[in-house]
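Engineer: Sharing a sequence plus its predicted fold:
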Amino acid sequence: MNGRERVGMAMRHQIPDRVPVMCQLALGHYFLNTGLPPHRIWFTSEGFAEALVMLQRRYRFDGILVNIPGRPEDMLDEVAEIAETRDAQQLTWRDHSITTIPWDDNPYHLMPDGSTPPRADFETIDPDHLEGLDLITGYIWGVYHIPRLVGKPKPGPLSEVPPYFFRAIDLVKAQVGNEVSVHGEVYSPFTHYVELIGYENALVSLLSDPEKAHALLDRLTLASVTWGVGQAEHGVDAVLMSSAFAGGPFLSPRMYRQFVLPYERRVTDAIKATGVPVYTHTCGSIGDRLPLMVETGTEGLDTLDPPPLGNTELADAKALIGEKVFIKGNMNAVELLAFTKPDQVIEHASDRIRIGMPGGGYILSTACSVAPRVEPWKLELLTPLAEAIGRYDS
């Protein structure tokens, strides 16, 4: 059985030959461990696809998450200068804006005057007139990780997918064929909302003007549906909806039901209508809202951070929702970074396998992204361990 078949069966609550292994890696982990220039990984589809496949093969993961859209082929032609320091690469664009790429962290972008990219003003933005969203650099950088979109067909929220968005997916699929499960990612409507007007302003606005917040969430859901369905129809094996800001302490369960659930439900319904599985990634404390997350119609939950980053115990989640959705994650990302001996990694991962595997529906993974400076040898232990103790036919 290959990785694609193995992950597919786990997502459908069927029994594969063994527990699948599939971790999401932080971008800084690719920067540190592939030998590829960071700007090439971040700003070219070819570099990103090469990094994804390189580490999937090294760690023998059963799946790959393509978690940023493809890039325009000539994007780096707009770069006037690339400089390197001890801490980062720095790209100066022809418009004099600057992208800084730390060797071990996500890039950040500054405007020509050195200011942070602008967000929309909640007080003045009109939900019925969202033309020019692609000119709001802070929003575009936040949800598409690019200074500006090229060739966006219509004004307002993304309603058609630029062809280059699919480039990284195509390159990955061409390299792995049918052997590895290839997943796409889309940001949730609530993530679009907080990136549009800024995190603090977004949270305050839910209290100050909930009616307008709902109107904006309603319109922004189009962007999530468009990109999620686009990937599903383009041949990915599953779509991950990233909803990082929907856990505690950002939102209470009551506010989750009000401002997250109905809009994520629209996204999951649209993606499931294509026949492609959809699952949800929410960081932090979600132990108090697992049933609410299931109500969105998602078919799986990813991360399930244990303490200290979250409050989810795998055994409790398995008992509460394990028959309704598949579960991916729960390895402690903080402890994995701190471990110094193979026996520590093996003991922790073995415990996750022992709890998660009964009845199927479990994918071994770190709770959130593998931190940039997690040593590769730790991840190299996971698939051999699953082969040794995670077999269903033993």
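Structural biologist: Nice, thanks for sending it over.

Engineer: okay, now residue 323: neighbour count?
Structural biologist: 10 (other C-beta atoms under 10 Å). Just so you know, the C-beta spots here come from the backbone N, C-alpha and C atoms, and that holds for glycine as well.

Engineer: Give me the below-cutoff pLDDT ranges for the stretch 151-300 of the chain.
Structural biologist: Applying pLDDT under 70 to the stretch 151-300 of the chain flags no residue at all.

Engineer: can you pull out the helices in it?
Structural biologist: 167-176, 189-197, 199-208, 210-233, 253-259, 261-272, 290-295 (DSSP state H, counting those that start in this stretch).

Engineer: wait, residue 39 sits on residue 71?
Structural biologist: No - Residue 39 lies out of contact with residue 71 (C-beta atoms under 8 Å); the separation is 10.9 Å.

Engineer: got a pLDDT number for residue 394?
Structural biologist: pLDDT recorded at residue 394 is 61.

Engineer: ok so, going back, which of residue 39 and residue 71 has more neighbours?
Structural biologist: residue 71 (23 against 20).

Engineer: What separation is there between that one and residue 46?
Structural biologist: Using C-beta to C-beta, to the nearest Å, one gets 9 Å for the distance from residue 71 to residue 46.

Engineer: picking that back up, out of the helices of the stretch 151-300 of the chain, which is the most enclosed?
Structural biologist: Ranked by mean neighbour count under mean count of other C-beta atoms under 10 Å, these are led by helix 189-197, which reaches a mean of 25.

Engineer: Got the phi and psi for residue 8?
Structural biologist: Main-chain torsions, residue 8, degrees, to the nearest 10: phi -60, psi -40.

Engineer: got the contact list for it?
Structural biologist: Each residue near residue 8 by C-beta atoms under 8 Å, 6 or more residues apart in numbering is listed here: 181, 237.

Engineer: do residue 294 as well
Structural biologist: Contacts of residue 294 (C-beta under 8 Å, 6+ apart): 301, 321, 324-325.

Engineer: redo that, cut-off 6 Å
Structural biologist: 321, 324-325 (C-beta atoms under 6 Å, 6 or more residues apart in numbering).

Engineer: now, which of those sits nearest residue 131?
Structural biologist: residue 325 (37.9 Å; C-beta to C-beta).

Engineer: Double-check the closest one against residue 300; I have them as touching.
Structural biologist: Yes - Residue 325 lies in contact with residue 300 (C-beta atoms under 6 Å); the separation is 5.1 Å.

Engineer: Looking at those two, which one has more neighbours?
Structural biologist: residue 300 (25 against 21).

Engineer: Spell out the secondary structure type for residue 56.
Structural biologist: helix (DSSP: H, G, I helix; E, B strand; the rest coil).

Engineer: mind checking how far it is from residue 370?
Structural biologist: 12 Å.

Engineer: Could you do residue 391 as well?
Structural biologist: Distance, residue 391 to residue 370, using C-beta to C-beta: 24 Å.

Engineer: between these two, which one's more packed in?
Structural biologist: Taking neighbours as other C-beta under 10 Å, residue 391 and residue 370 compare with residue 370 leading, 24 against 13.
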